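Participant: can't give you the sequence, but here's the structure:
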């Protein structure tokens, strides 16, 4: 193993075990530069997660195994500021990071299942579920739940096609990866 690969591995373990120790992050965590992770209550990340440079998670989330975020992907709160706080400009209103914040969105959990690929520059709102095997095209805005083994694109993101060309290919894949969707799809 080259020195560069060793240094990257040490850096990623430092991030996982020291900087982000407050969260549950599985083995195989790999992070680009200038990544930020923050969750009010809970952030769980499975094994073999990759997050590209300048990406961030700023919401409660549960992320499965073998998930890949491209550069500049964002998971953000849907209601990060209390914009209905009477007599207070939005800039000065209570925000999700404040200990006494008790407005909308406080209980939203973002779920990203196994084997999901989120493309460059996409934004995911808190409270959505991206089901197993899905792909989010670059620069998409995900504001609603995403079907399993589907490709979504656009702003707002909409289903553009299935991930596999045939039902037979999908079923073969589901069996090989021992998916919870075997027999359902």
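Facilitator: Sure thing, it's come through. Every value quoted in this text rests on a predicted model; they were computed, and no experiment measured them.

Participant: rest of the way, CA atoms for contacts and neighbours
Facilitator: OK.

Participant: residues in contact with the longest helix belonging to the chain?
Facilitator: Longest helix in the chain, counting residues (DSSP state H): helix 3-14. Outside of helix 3-14, the residues within contact range by CA atoms under 8 Å, 6 or more residues apart in numbering are 29-31.

Participant: Next: stretch 17-32.
Facilitator: By CA under 8 Å, 6+ apart, the list of residues contacting stretch 17-32 reads 9, 12-13, 15-16, 37, 42-54, 71.

Participant: swap in stretch 149-163?
Facilitator: 131-144, 146, 164.

Participant: Could you list which of the residues you listed belong to helices?
Facilitator: Among the contacts of stretch 149-163, no member falls in helices (DSSP H).

Participant: Just the buried ones among those residues, please.
Facilitator: The neighbour-count test (16 or more other CA atoms under 10 Å) marks 131-144, 146 as buried among the contacts of stretch 149-163.

Participant: State the pair within the residues you listed that is farthest apart.
Facilitator: By the measure CA to CA, 132 and 139 form the most distant pair in the buried ones among the contacts of stretch 149-163, at 19.9 Å.

Participant: From the contact counts, what lies against the host helix or strand of residue 111?
Facilitator: Using DSSP states H and E, residue 111 sits in strand 110-112. Strand 110-112 is packed against strand 61-63, strand 129-130, with contacts defined by 3 or more CA pairs under 8 Å, 6 or more residues apart in numbering; DSSP states H and E.

Participant: Contacts made by the longest one with the rest, please.
Facilitator: The one in question is strand 61-63. Applying CA under 8 Å, 6+ apart, the contact partners of strand 61-63 are 39, 42-46, 109-114, 126.

Participant: Now, of the residues you listed, which are buried?
Facilitator: For the contacts of strand 61-63, buried by 16+ other CA under 10 Å: 39, 43-46, 109-114, 126.
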